[in-house]
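Enquirer: Sequence first, predicted model second:
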Amino acid sequence: IFFRSNTLIERFDASFGVLLIVALGGAFYLPGVAPREYMDSENVTVKVNSMKSTETAIPYDYYSIMVCRPDASSKKIRAEAENMGEILWGDSIKPSRYYMSMQKPITCAKVCTTKPKPENVEKKTRISKGLKRLKRRIDDEYRGHLILDNLPGISKGLKRLKRRIDDEYRGHLILDNLPVSEVYIWEGSEKGLYYRRGYPLGTPGNKSSPTLVNNHLSFTVKIHKPEGLPGWRIVGFEVVPYSIDSARIDTDCSPDQEFDAEKYPPQTVIASPPSQATKSISWSYSLMWSEDKEVAWSSRWDHYLKSSDASAANIHWFAIMNSLMIVLCLSAMVAMILLRALHKDFNRYNNPENEDEAQNETGWKVVHADVFRDPPYPGLLACYVGTGSQLLGMAVVTLGFACFGFLSPARRGSLMTAMLVLYALCGSVGGFVAAVMAKMFHEQSWATILMTGVWLPGKVFVVFFCLNLMLWAKQAANAVPFFMLLGLIALWFFVSIPLVFFGAAVGYKQDAIAPPQSVSQIPRFIPEQKWHMKPAVMVLSAGAVPFGAAFIELYFILSSLWLNKFYYVFGFFAIVFAILIVTCAEISIVLVYFQLCYEDYRWWWRAFVYAGSSGLYLFLYSLQYLASTLNMTSVASITLYLSYMLVLSYGLFVVTGTVGFLSSLFFVRYIYSALKVD
């Protein structure tokens with residue numbers, strides 16, 4: 001395995017010492033496939049992927065609209081072998097009707113002519129469903145995807161591209177297992193050419209102009225000659241979409257004559273009134289090969305990664321510095337307030353000469369006989385901590401693989417698949433922690449362990465299944481088929497849950513964690529708390545701190561999830577994630593200490609909720625992101641977005657709550673172990 005640094009991110013030396021953090025900052029996805037050499041005249045396979053749109057967030061199969069199919073007689077085109085992550089992500093890679101041979105240009109080749117089929121054979125004047133669907137996809141700004149040698153297509157022609165951007169063209173193609181992309185001019189501080197994945201299916205219409213369909217694609221495939229090896233390697237895939245009147249394609253599109261796509265009128269898509277509906281659409285393409293001596297196969301992804309919002313290293317470093325300032329402030333508070341105050345308290349409480357003063361003392365010492373009293377619903381708390389430990393283990397291992405480049409964008413769905421498999425394999429961690437916590441709470445029961453295995457996955461599965469029914473009804477590309485659904489259930493019941501019980505069996509064999517102080521039989525009276533010590537106030541204030549340490553990086557993550565952008569700077573994310581964990585631990589310790597000082601010993605659940613409330617801020621931020629950044633208008637799209645963000649927020653609540661609880665447990669045990677009580 002080799003590591004090469006992105007051209008936009010600084011080339012860091014990942015060797016030793018202090019340079020390790022910098023190297024993590026430059027970590028990113030590496031293409032995970034071996035290069036292939038194509039000989040002259042060798043066939044190059046072009047594939048299509050599902051259509052995606054930022055307007056709806058619901059992907060559709062490429063052949064769900066009125067386009068040319070590889071086999072016109074076949075009603076269903078089988079997708080290539082897909083992993084679990086590809087299906088959940090909405091990728092559906094299938095063969096196409098675009099044929100290419102290495103180093104053989106094509107001036108113009110007609111693919112086919114598609115005609116809408118009437119909805120009712122007896123009523124020929126009715127508009128076909130396919131034509132309506134095509135118009136609807138264009139209006140929703142879907143992008144088509146083609147794949148050639150695992151590279152996405154990129155549009156060229158800056159003037160033409162700017163015109164299409166101004167016209168809000170949207171579309172997606174995939175070439176060589178990468179999404180097709182457009183080239184546009186970035187007017188920011190770093191001016192240059194930037195790529196946008198996919199090509200627009202057409203131009204949305206309005207009251208004054210009809211809908212236009214891009215029925216001609218002008219491809220440019222960039223190739224590189226490797227030293228000492230025969231053949232060519234594909235290093236770039238560009239596309240310029242055109243809308244050309246079908247009649248001109250039928251008469252002028254021929255490999256034997258010149259074809260200037262700029263001079264023809266556009267092809268409109270008219271669905272109503274029926275008498276003026278589009279009768280047919282002809283599809284064509286042209287192809288040009290261009291040798292690129294500067295871009296080698298190993299760096300062909302640089303343009304795509306460079307064009308991502310997440311590629312701006314200075315923004316990530318600003319986010320990290322912002323997070324570090326929060327951590328330093330909290331660390332200073334822990335060091336100066338807690339350690340100094342505790343040292344003073346220990347000297348006063350443990351000094352035999354101050355017995356009379358100590359008996360009149362108030363604060364955290366006076367609740368020593370109640371602080372380790374079992375919390376309400378101890379089994380549920382043990383379940384949450386075990387589930388959070390399982391999620392945390394999955395996140396750490398997945399992030400480690402991603403930082404070292406094992407989860408490549410060339411392997412579609414690899415990140416999602418890795419997360420699902422690792423979550424199941426980390427079931428032993430969750431079961432072990434849940435068993436240790438349950439034994440400490442005197443709740444040693446296999447029912448608690450079963451709840452650990454089904455509590456979070458069960459909730460997520462119910463939400464996922466309801467959303468999947470909606471996607472099935474809409475025939476979306478990311479609707480999980482029945483047998484894949486059975487596979488997910490099998491992974492849950494036959495891998496995750498058995499491992500949870502295995503970890504619990506090991507955990508129950510461990511000695512119970514004994515409290516450092518004995519617990520009185522009669523609970524101590526809790527004095528009236530001031531307004532700033534009320535649970536609601538403390539929970540809301542606590543969650544804002546961890547969220548503030550990570551919210552800048554969160555923007556790039558949401559853009560990757562909902563705006564079809566690359567996110568590959570997992571080194572930066574690893575640093576921010578580590579800062580988030582430290583922040584959750586420190587804020588929980590600080591607030592639990594303040595709570596005990598006010599003689600409120602009900603800290604078990606609050607220690608969990610203090611840090612876990614950052615999940616609430618994530619969901620509130622997702623609402624703001626929906627209103628300010630996304631253009632979703634349909635009920636189905638908004639429901640899909642809110643449901644998935646609710647699941648993510650709940651997962652963050654469980655993970656950060658677990659970190660806060662375990663940190664507070666260690667802190668409370670430490671201070672009361674050092675306390676001498678007669």
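Expert: Okay, I see it. Residues are numbered from 1 along each chain as shown.
Enquirer: name the element the residue most central in space within the chain belongs to?
Expert: Nearest residue to the geometric centre of the chain (C-alpha atoms, centre = their mean): L561, 4.6 Å. For L561, the enclosing helix or strand under DSSP states H and E is helix 535-562.
Enquirer: From the contact counts, what lies against that helix?
Expert: Contact analysis of helix 535-562 by 3 or more C-beta pairs under 8 Å, 6 or more residues apart in numbering; DSSP states H and E lists helix 313-333, helix 570-597, helix 604-612, helix 614-628 as its packing neighbours. Bear in mind the C-beta positions are built from the backbone N, C-alpha and C, glycine included.
Enquirer: Name the residues of that helix that are buried.
Expert: 538-539, 542-543, 545-556, 558-562 (16 or more other C-beta atoms under 10 Å).
Enquirer: what does stretch 473-486 give?
Expert: Buried, per 16+ other C-beta under 10 Å, within stretch 473-486: A476, A477, N478, A479, V480, L485.
Enquirer: quick one: contacts for the nearest residue to the fourth one once chain neighbours are set aside?
Expert: Distances taken as C-beta to C-beta, 6 or more residues apart in numbering put L471 closest to A479, at 3.7 Å, once the chain neighbours are dropped. The neighbourhood of L471, defined by C-beta atoms under 8 Å, 6 or more residues apart in numbering, consists of I58, N478, A479, V480, L640.
Enquirer: again, only using 10 Å
Expert: L471 makes contacts with I58, P59, G90, A477, N478, A479, V480, A636, L640, as judged by C-beta atoms under 10 Å, 6 or more residues apart in numbering.
Enquirer: One more: A611?
Expert: A611 neighbours (C-beta under 10 Å, 6+ apart): 539, 542-543, 545-546, 580-581, 583-589, 591, 652-653, 655-661, 663-664.
Enquirer: and if we set it to 7 Å?
Expert: A542, P546, C584, I587, S588, T656, G657, V659, G660 (C-beta atoms under 7 Å, 6 or more residues apart in numbering).
Enquirer: ok, and the most crowded of those residues?
Expert: P546 (34 neighbours; other C-beta atoms under 10 Å).
Enquirer: looking at this structure, which helix or strand is least sure?
Expert: Using mean pLDDT, DSSP states H and E, the weakest-scoring helix or strand in the chain turns out to be helix 158-166, at a mean of 31.
Enquirer: Count the neighbours of the residue nearest to F594 when sequence neighbours are not counted for me.
Expert: Of all residues not flanking F594 in the chain, M533 sits nearest, at 7.2 Å (C-beta to C-beta, 6+ apart). M533 is flanked by 15 other residues according to other C-beta under 10 Å.
Enquirer: pLDDT value on M533, please?
Expert: pLDDT recorded at M533 is 85.
Enquirer: for L422, same thing?
Expert: 95.
Enquirer: Skip the chain neighbours and tell me the closest residue to it.
Expert: Among residues not flanking L422 along the chain, M394 sits closest, at 4.5 Å (C-beta to C-beta, 6+ apart).
Enquirer: State whether the one you found is indeed within a helix.
Expert: Yes. According to DSSP: H, G, I helix; E, B strand; the rest coil, M394 belongs to a helix.
Enquirer: My read is that it contacts M419, right?
Expert: Yes. Counting by C-beta atoms under 7 Å, M394 touches M419, with 6.3 Å between them.
Enquirer: Same drill for those two, tell me which one is more crowded.
Expert: A direct count of neighbours by other C-beta under 10 Å for M394 and M419 places M394 higher, at 23 against 19.
Enquirer: Contact partners for the more buried one?
Expert: Here M394 is in contact with M419, L422, Y423, C426 (C-beta under 7 Å, 6+ apart).
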